[in-house]
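Chemist: Let's see this in three dimensions:
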Amino acid sequence: MRTNSPSLIFSLLILFALTSPSVHSLMSPVPEKLKSMGITLKEPPAPKGNYVSCVQSGNLLFLCGHIPQKEDGSLFVGKVGKDLTVEEGYESAKACAINILATLSKELDGDWDRIVKIVKVVGFVSCADDFTQQPAVINGASDLFGEVFGPEIGLHARS
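Modeler: Numbering: from 1, shown residues only. Okay, here's the model as predicted:
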């Protein structure tokens, strides 16, 4: 998907399926996996408008869109295919996914065992008009989710 944003190169929305805390009580491998990958989750930023970061409806958790904020607080900016390479776009998508994990950790009080499935990932790529490799960019998020959660939970639908 193309956006006309001149600055942010990626935004990511996601939907998770959950169990109740009392149903699922295994020790999650997610914190150790993140640590082994060198990923430290920071405090997620507060919403910038009139919305909330997460809404749960039944066993589904809907997260707001996330932007490509780096560990140092700066943002990936520019258009993929014009200002940035596909690889830089991939890293931008990965940064969005890490920020989503931080929001998720906060919303679930670190109870990663409640996640039974990532249902859908929606990615928006700001890119040059003739750019056609959006799936390769969004793979930055999909690959991270697959690596962190494994294929049973992490493999998802995407648009």
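Chemist: Show me where the chain has its strands.
Modeler: Using DSSP state E, the strands found in the chain span residues 2-3, 10-18, 54-57, 60-66, 115-126, 157-158.
Chemist: How far off centre is stretch 128-146?
Modeler: Stretch 128-146 has its C-alpha centroid displaced from the chain centroid by 12 Å (Cα atoms, centre = their mean, to the nearest Å).
Chemist: ugh, wrong one, I meant stretch 136-156
Modeler: With Cα atoms, centre = their mean, you get 9 Å for stretch 136-156.
Chemist: for stretch 115-135, same thing?
Modeler: Taking mean C-alpha positions (Cα atoms, centre = their mean), stretch 115-135 and its chain are 10 Å apart.
Chemist: Check which residues of that stretch are buried.
Modeler: For stretch 115-135, the neighbour count (16 or more other Cβ atoms under 10 Å) marks 115-118, 120-127, 131, 133-134 as buried. In short, each C-beta sits where N, CA and C put it, glycine included.
Chemist: okay, and for this structure, where does confidence drop off?
Modeler: Along the chain, segments meeting pLDDT under 70 span 1-12, 21-27.
Chemist: what about 80?
Modeler: The chain contains residues with pLDDT under 80 at 1-15, 17-27.
Chemist: Would you map the helices across it?
Modeler: 30-36, 86-107, 134-154 (DSSP state H).
Chemist: Distance to Ser74 for these - can I get that in CSV?
Modeler: Listed next are these as CSV, based on distance: least, Cβ to Cβ, whole Å:
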stretch, distance to Ser74
helix 30-36, 21
helix 86-107, 10
helix 134-154, 17
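Chemist: re earlier: could you identify the pair within the buried residues of stretch 115-135 that is furthest apart?
Modeler: Farthest apart among the buried residues of stretch 115-135 by Cβ to Cβ are Val116 and Phe131. That separation is 35.0 Å.
Chemist: quick one: Ser36 and Val148, what's the gap?
Modeler: 10 Å (Cβ to Cβ, to the nearest Å).
Chemist: Comparing the two, which shows the higher neighbour count?
Modeler: Shown here are Ser36 and Val148; by other Cβ atoms under 10 Å, Val148 has more neighbours (20 against 10).
Chemist: okay, now Thr40: neighbour count?
Modeler: The local packing of Thr40 (other Cβ under 10 Å) involves 10 other residues.
Chemist: Then Leu34?
Modeler: 19.
Chemist: wait, what's in contact with it?
Modeler: Thr40, Leu41, Leu101, Val148 (Cβ atoms under 8 Å, 6 or more residues apart in numbering).
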